[in-house]
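> Need coordinates for the below:
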Amino acid sequence: MKKRPALAFGLATYGLLLLLSHGWQVYAPPSNPLDRLTAHAAATGAPHSDFVLVSARASNGRPVAAAPGVRIAYEEWPGTSEVPIVALHGSPGRSRTFGYFASALTGFGQRLVAPDMPGYGASTHAIPNYGFVAQAHYLRDLLDGLRIERAVFVCYSLSSGWLLELSRIAPERIAGAVFVSGIGVQEGEGSGSYAFEHFKYAIGYVLAVWLPELLPHFGMLGSHSYRNTFIRSFYDADQRPLRAALTNFPAPLLILHGADDALVPAWVAEEHARIVSGSELVIFDDDHYMIFKPDRARDLARLTTDFLNRRVRSNEVARLPVRESLSHLNRNVLPVELDLDPALGLLGRLGVIVLSTFVSEDLTCISAGFLIREHRLDLFTGVFACFVGIFLGDLGLYLLGVALRRGLLVLPRLGGLFEGQRMQSLARRFDREGWKLIVASRFLPGTRLPVYVGAGILGGQASRLALFALLAGLIWTPLLVLLAAFLGPLVLAPFEFLLGQGWLAVALAILLLFYVFRTMALLLTGRGRLIVLGRLARWRHAEFWPPWIFYAPLAPLVVWLTVRYRGFGTLSAANPGIRDGGFINESKADILDCLPSAWVCKYVTVEPEANLKERRRKARARMAGAGLDFPVILKPDAAQRGVGLKLAREPAQLDRYVAEHPLRFLIQAYHAGPREAGLFYVRHPDQSHGRLFSITDKQFPVLTGDGQSTVAELILGHKRYRMQYSTFAKRHVERLDRILARGEILPLTLAGNHYQGTMFLDGKALWSEALERQVDRIAQAFPGFYFGRFDVRFEDAAELRQGRGFQIVELNGATSESTNVYDPRMRVAEVYRILYRQWILLFQIGDANRKRGAKVTSVFSLVGDIGRYLLGRTRSIISD
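Reported below is the predicted structural model:
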């Protein structure tokens, strides 16, 4: 009941503001947004202002008898020239557009007439039609009213279309023409398609003319007549006949254009110059609005006067086209030819963009923004295609959820669940409040898939979801595309400076924008801001640096060691008893087979097999044969960083793992620990005993509930855990919104791997002579092992120091690390001191073994091993 008075008050307030807004627009002085742009240009004033009254014109130019007369206001600057200049503004526009230009022209002694064409400025606003043909007839009527037989016309932007139509109905009235940023051929109008462009203008009419009438804007969006004229002047126009008009243009033509013109691309001016025989072309390093700039307006006036003296009054032969900057025409923003093949046509271009959004929405929008900034793609075409692709993708995910729901309904156990009151209640709640999730998913990376698929599974109303997806897309898509278009050159510049011009700089700029926009989207929510804070904090800790940064300081050393010890493959001889020394893709089981079984957690292997049912049976049989019982650890036989490790507590989880991992894997007894350590062992072949190079004490992250916060909130509220939020969120995606009871414990990871979220500390406190001797005995029992790390589970630190009470879960070879370097307390200098010592020892041991006859694997074979590992590795990157 409390919501109804608030709603009524809100509606009443809105109604009152809307009424006041309309009243303000009726009684306040008229406002033209263009005045802000032309205020300085208008300062020159005009010595004579007047108007003529003419008949209203229909779309075909015929008089409309039933319509009232049309007032055409004009301003006139006197001059000594016999043939006057008539300056025609664009849309939106008025005679004031030519303030700077008029001042410069009159300084050259030119007589100038600048009308406000019907629909604009001080002329009649409400006319039957705003198209080219109607305006051409109004222009002829104005000439008749002013008794001007022939004139030179200076046309800015859209008005060149009016003059081209005049050339069809009254060619004798044109003594010459100057197109400043002028439109013309249909192909140069946005997408190039008449139908699509008018579809665009129809949408623009709804958004720019009708929608503001429902907003209390108090004139800040311009008057209704101003907005109506602006849109109608394009909607009523037809550029298709203009190519023929250009071909038959009856007078000398000067084309002045900006290379950076985003509204009428420079190639349009070149096409006009090609079509019109005897025309002259000048390309400036400028944009569409150069006529509003004082210095450029004087340049335009000077060229116009020179053109009149040569071509109109003296009948000289046309000069060759002139450009101030050819290089600027050939390259607008990007250092490479980034284009959508024109042969694709409009539908082809739309299709390419729409399909690209199915691969990556954000990257497609950013690339479209670059194309728009490069003037290779129309703004509306790019935004529209991206929006359609995003919207269809949203609906596709929803329909996927619907299909999953229908598939699950046929299952006896699950069908009743979906028909139950709980699920129906959730569906109704989603219909009421799901719009929040839909809008948020557009701005929060990684949430779109679960939101839309979940909506389909719940059975949410399709119409509501489509409406909310539509609104979210309408907000997000133009924002992203426009930001990419405007920020593209700024982001590209430093990459060009560092890398030179080319595709690499463009690709990196696009990827950087992608990352920036993802970050900006996260900043819109409290959770997102904490995620960003965690990501920024990672850069303060070497343990979280990207590998290409973390290992970069090692590169010079590795190069030196490669030269010093006759090849990179020397490291493969460090452990002759392990394939390639344990470089990559080595078998965990084969290594564990070589260790004393009393010190190894019991395990069995499951081999690949085509028959899934038979493979499951054999997996259980092997477990039973080895005396293994649940829970057990499942992990790929060849993997790194804890990838693919799962804890199976029941047979169903084992069956699922068998189905998802077709390659060889291990079933290993689960050691409850609760502690784990990494014992890094080294022994030179010339020495009788080895030593512990380092010990890593692994700290497993856990959450403790407070009875109020969700799992996501607890992770983000922890200074360290928020730095690994992405990993924890993927692992616990189904629990993120669950509130843990006070004192409830939730382990965030079971894998003793830093990549999976475990914290590594320097474990020197665990070292003892007894432990070192015991590890040395175990290592020397493995023929051909000299360098690597034992990962061990243990219950009590005191027992471990006595060399007792631990079990080996894994042994890594040549490319294992002294993982104590990931201790967050360790200084960067100490990190690299340890890593340098480790790599020097690795090559020294490998070189000593080679001298003893150990086989060295070639670099090509090692690279091949990397490729085979990457192709065959499990896709379950996040472990338990």
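
> for the strand or helix carrying residue 808, packing partners?
For residue 808, the host element (DSSP states H and E) is strand 806-812. Using 3 or more CB pairs under 8 Å, 6 or more residues apart in numbering; DSSP states H and E as the contact test, the elements touching strand 806-812 are helix 588-593, strand 787-794. Just so you know, the C-beta spots here come from the backbone N, C-alpha and C atoms, and that holds for glycine as well.

> Residue 253 is in contact with residue 180, isn't it?
No. The pair residue 253 / residue 180 is not scored as a contact, 11.8 Å apart, by CB atoms under 8 Å.

> what is in contact with those two at once?
Common contacts of residue 253 and residue 180 (CB atoms under 8 Å, 6 or more residues apart in numbering): none found.

> returning to what we had before: show me what the strand holding residue 808 is in contact with.
Contacts of strand 806-812 (CB under 8 Å, 6+ apart): 582, 588, 591-592, 595, 599-601, 633, 668, 671, 676-677, 752, 778, 782, 785, 788-794, 799-800.

> Check which element follows that strand along the chain.
helix 828-851.

> so that following helix versus strand 787-794, what angle?
Put simply, helix 828-851 runs at 120 degrees to strand 787-794, going by axes from the mean of the first three to the mean of the last three CA atoms, to 10 degrees.

> just how off-centre is helix 828-851 within its chain?
42 Å (CA atoms, centre = their mean, to the nearest Å).

> and what of stretch 235-252?
40 Å.

> quick one on the thing from earlier: compute the inter-axis angle for the strand holding residue 808 and strand 787-794.
150 degrees.

> re the thing from before, would you mind finding the most buried of the helices and strands packed on strand 806-812?
strand 787-794 (a mean of 24; mean count of other CB atoms under 10 Å).

> From the chain's centroid, how far away is it?
Worked out by CA atoms, centre = their mean, strand 787-794 lies 43 Å from the chain centre.

> cool, and stretch 72-81?
Worked out by CA atoms, centre = their mean, stretch 72-81 lies 52 Å from the chain centre.

> List of residues touching that stretch?
With CB under 8 Å, 6+ apart, stretch 72-81 has contacts from 46-54, 95, 102, 105-106, 109-118, 121-124, 138, 141-142, 145-146, 308.

> Number of residues surrounding residue 192?
Using other CB atoms under 10 Å, residue 192 has 18 neighbouring residues.

> Return the per-residue confidence for it.
Predicted confidence (pLDDT) for residue 192: 86.

> got it, and residue 1?
For residue 1, pLDDT reads 45.

> One more: residue 460?
Predicted confidence (pLDDT) for residue 460: 66.

> for residue 271, same thing?
93.

> And residue 158, by the same measure?
95.

> For it, give me its contacts.
90-91, 183, 233-234, 237.

> Residue 119 versus the closest residue to residue 778 other than its chain neighbours, what's the distance?
Once flanking residues are discounted, residue 778 sits nearest to residue 599: 5.5 Å by CB to CB, 6 or more residues apart in numbering. Distance of residue 599 to residue 119, given as CB to CB, to the nearest Å: 91 Å.

> repeat for residue 849
For residue 849, the distance to residue 119 - CB to CB - is 89 Å.

> Pop the domain breakdown of the chain in here.
Recorded structural domains for the chain (assignment: automatic domain parsing) are 42-182+249-329, 342-524.

> follow-up on the earlier one: what's the residue nearest to residue 778 in contact with, if anything?
When the contact criterion is CB under 8 Å, 6+ apart, the partners of residue 599 are 778, 806-808.

> Please produce TSV containing the residues you listed, extended by pLDDT.
Formatted as TSV, the contacts of residue 599 follow (pLDDT from 0 to 100):
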residue	pLDDT
778	97
806	97
807	97
808	97
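
> In this structure residue 679 contacts residue 775, no?
Yes. Under the criterion of CB under 8 Å, residue 679 makes contact with residue 775 at 5.5 Å.

> And the helix ranked longest in the chain, what's buried?
Criterion DSSP state H: the longest helix present in the chain is helix 462-499. Along helix 462-499, these residues count as buried under the neighbour rule (16 or more other CB atoms under 10 Å): 464-465, 468-469, 472-473, 476-485, 487-489, 491-492, 495-496.

> again with stretch 56-69
Going by neighbour count (16+ other CB under 10 Å), the buried part of stretch 56-69 is 56-58, 61, 64.

> what's the spacing between it and its chain's center?
Distance of stretch 56-69 from the chain centroid (CA atoms, centre = their mean) equals 50 Å.

> So which residues make contact with that stretch?
53-55, 70, 124, 127-129, 131, 133-134, 136-138, 169, 236.

> could you flag which of those residues are buried?
By 16+ other CB under 10 Å, those give 54, 70, 124, 127-129, 131, 133-134, 136-138, 236 as buried.

> Out of those residues, the closest to residue 458 would be?
Set against residue 458, the nearest of the buried ones among the contacts of stretch 56-69 by CB to CB is residue 236 (47.8 Å).

> Once you drop chain neighbours, what's closest to the closest one?
residue 131 (3.6 Å).

> Quick one: residues contacting residue 612.
Counting by CB under 8 Å, 6+ apart, residue 612 makes contact with 658-659.

> separation between residue 275 and residue 164?
11 Å.

> Could you export the strand holding residue 808 as CSV, CA atoms only?
The C-alpha trace of strand 806-812 is given here as CSV (Å, rounded to 0.1, in the frame of the first residue of the first chain):
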residue,chain,number,x,y,z
PHE,A,806,54.3,-37.1,5.2
GLN,A,807,53.1,-38.5,1.9
ILE,A,808,54.2,-37.5,-1.7
VAL,A,809,51.3,-36.6,-3.9
GLU,A,810,53.4,-35.4,-6.9
LEU,A,811,57.0,-34.9,-8.1
ASN,A,812,57.9,-32.3,-10.7
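
> contacting residues around the helix or strand harbouring residue 351?
In this structure, residue 351 sits in helix 345-359 according to DSSP H and E. Identification of contacts with helix 345-359 by CB under 8 Å, 6+ apart yields 191-193, 196, 340-341, 344, 363-365, 367-368, 377, 381-382, 384-386, 388-390, 392-393, 396.

> Average pLDDT for stretch 586-598, rounded please.
95.

> Over to stretch 788-796?
Across stretch 788-796, pLDDT averages out at 96.

> and it, how far out from the chain's middle?
44 Å.

> who's in contact with that stretch?
575, 578, 582, 601, 671-681, 752, 775, 778-779, 800, 805-814, 816-819.

> ditto for stretch 753-761
Contacts for stretch 753-761 (CB under 8 Å, 6+ apart): 543, 641-642, 645, 676, 678, 696-701, 720, 724, 727-728, 731, 748-749, 751-752, 819-820, 822-825, 878-879.

> got the contact list for the residue nearest the centre of the chain?
What sits nearest the mean C-alpha location of the chain, by CA atoms, centre = their mean, is residue 362, with 3.0 Å. By CB under 8 Å, 6+ apart, the contact set of residue 362 is 480, 514, 517-518.

> Appreciated, that's everything.
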